[in-house]
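> sharing a model that was predicted from the sequence below.
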Amino acid sequence: MLHTDIDLPVAPALVEPPRERSRRSLVQRVGIGAMGTAIAGSIAGVVASSSAAEAAPPTDDDIFNFALNFEYLGAEYYLRALTGSGLAANLLTGTGTQGTVTGGSVVPWNGSAIEAFAQRLAIDEMAHVEFIRAATGTAAIAEPSIDLGTAWSVLARAAGLINASQTFNPFGDPISFLIGAYVIEDVCVTALAGAAALLTGPNNIAAAAGLLGTESYQAGAIRTLLSDLGAGQVTDAISALRAKLSGVADDIGTTISGNAYNIVPNDTNGLVFRRTPAQVLNIAYGGATSAPYGFFPNKVNGVITSNA
């Protein structure tokens, strides 16, 4: 449920680069669903790979399977927002423990043009799942357990957007849906950018570049739509939390130096931020050091699973 009377605090600024907050409050324009429950666990230190991968470098299949966890997350989010149901059963099997998806429902679109945008996101993410599963063959991981319910409230409260008595439902309306998409897509971009350095096969590197390109287009479009809505206060708070969980200043919201249309989170060289698998997982797990692990209650599937 949306609440239009919630005053969102201004998120703390990142050290680099300097940032300014948009004067147009998303709360004043459209409101935001309230969010609740405290973030689980403390923020763990981050390392370049999981403990399993430290003994031997991850294979290309390991890297693609790591990415597949997040393609599962995105596909389930977008499909449920549109249809109320997730991926087909034949796209859920594989190595590791097949989990279940909790939460998610059809967004009351009410004629919003954002619905057409969501359809494209769902089609692309489902195609990514199919592509990676085909590329990895019998090594493809099963879909892990995914939390599309309480995990949103955990993350949102940790970002300082709401209090303990409130909850956030990204399926409650089109704008809340965009906020949820903002949480997911930027992380996928930084994960794929970081994974590029770990791949060895030229064809695999080219495939990863294609995936990265699509996710980047999606993330830029999401940022633009939210900028149009004056959502800087919300996106900046989420980005500040992701940077805190990552352990370095590697995220920027949609406002920077007085410009409310920051469509790319990048460094001083104009390059998109890159994250190690452990940094990505620490964000997805909400910094948790014990179950439940954020959006992946039982951790992700595959070789690379640790955020510490």
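Arrived safely.
> okay, CA-based contacts and neighbour counts for the rest of this
Will do.
> can you give me the helices for the stretch 51-200 of the chain?
Ranges of helices in the stretch 51-200 of the chain, per DSSP state H, counting those that start in this stretch, are 51-55, 60-83, 114-136, 150-158, 174-195.
> let's have those in JSON lines, adding mean pLDDT, mean neighbour count and distance to Gly230.
Listed next are these as JSON lines, based on pLDDT from 0 to 100; neighbours: other Cα atoms under 10 Å; distance: least, Cα to Cα, whole Å:
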{"stretch": "helix 51-55", "mean pLDDT": "46", "mean neighbour count": "13", "distance to Gly230": "42"}
{"stretch": "helix 60-83", "mean pLDDT": "98", "mean neighbour count": "23", "distance to Gly230": "23"}
{"stretch": "helix 114-136", "mean pLDDT": "98", "mean neighbour count": "18", "distance to Gly230": "16"}
{"stretch": "helix 150-158", "mean pLDDT": "96", "mean neighbour count": "24", "distance to Gly230": "18"}
{"stretch": "helix 174-195", "mean pLDDT": "97", "mean neighbour count": "22", "distance to Gly230": "11"}
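> so Leu161 sits right up against Asp236, yeah?
No. Contact between Leu161 and Asp236 fails when scored by Cα atoms under 8 Å: they sit 10.6 Å apart.
> Thr224: neighbouring residues, count only.
Number of residues near Thr224 (other Cα atoms under 10 Å) recorded here: 19.
> where's it, which helix or strand?
Secondary structure from DSSP states H and E places Thr224 in helix 202-228.
> tell me which residues in that helix are buried?
Neighbour counts over helix 202-228 (16 or more other Cα atoms under 10 Å) mark 204-205, 207-209, 211-212, 214-216, 218-220, 222-227 as buried.
> cool, stretch 264-277 as well?
The neighbour-count check on stretch 264-277 (16+ other Cα under 10 Å) flags 264-267, 272-277 as buried.
> chain center to it, what's the gap?
In terms of Cα atoms, centre = their mean, to the nearest Å, the centre of stretch 264-277 is found 15 Å from the chain centre.
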